[in-house]
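Student: From the sequence below, what's the structure:
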Amino acid sequence: MRSADARITLIDGRSGSGKTTYATALARRTGAQLLSLDDVYPGWDGLEAAEAHVLEHVLRALAAGRPPRWRSWNWVDARPGAWHDLDPHRALIIEGCGAISSAARALADHAIWVELADDVERRRRAIARDGEAFARQWERWARQEEWHALRHDPRGTADEVVTPG
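Tutor: Just a heads-up that it's a prediction; the model follows:
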């Protein structure tokens, strides 16, 4: 699999699709550092903002030879959290809805779209993982995922699509 040799891999998919599990396994297998957009989204309306943040502070920084870093979001206090440095010499996997856009894809070696569950199973898995707080926000978040898909066609832009079987 080419993604095992990639320096920068983007992994995208809808909420509950299996992308975090897939990315975590790939990071363990390859020794890559893993950046999850779940840690970056600035609140329930933050998909596009997280995408722009990672593009500027991680991908463009790496391309320009600057130290890559990202800022977490403090979900409890609903405010920006701490900055985190990434090792520019280690392989990097960026995982989350919003990871693949044409701008991000141009700065990465490999892009993977994950869809290991249908819509009903995705919702069940996401709610089981994140609880009632996500259940109340499901439609709000889904609209952002749909906008991202329409705007960037991450599935069509990906080098690889991971499906069951």
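
Student: host element of the closest residue to A149 other than its chain neighbours?
Tutor: The shortest distance from A149 to any residue other than its chain neighbours is 7.1 Å, reached at R155 (Cβ to Cβ, 6 or more residues apart in numbering). The C-beta positions use only the backbone N, C-alpha and C, and glycine is treated the same way. Take DSSP states H and E as the rule and R155 turns out to sit in helix 154-157.

Student: Average pLDDT for that helix, rounded please.
Tutor: In this model, helix 154-157 has an average pLDDT of 96.

Student: Quick one: list the elements packing against it.
Tutor: Contacts of helix 154-157 with other secondary structure elements, assessed using 3 or more Cβ pairs under 8 Å, 6 or more residues apart in numbering; DSSP states H and E, are made with strand 110-114.

Student: Now do the buried residues in the helix or strand that comes right after the strand it packs on.
Tutor: From strand 110-114 onward toward the C-terminus, using DSSP H and E, the following helix or strand is helix 119-130. By neighbour count, and taking 16 or more other Cβ atoms under 10 Å as the criterion, the buried residues in helix 119-130 are R122, R123, R125, A126, I127.

Student: about what we covered before: right, and the helix or strand after the helix holding R155?
Tutor: Past helix 154-157, heading to the C-terminal end, the next element that is a helix or strand (DSSP H and E) is strand 160-162.

Student: on contacts alone, who are the packing partners of that following strand?
Tutor: Short answer (3+ Cβ pairs under 8 Å, 6+ apart): strand 160-162 packs on strand 110-114.
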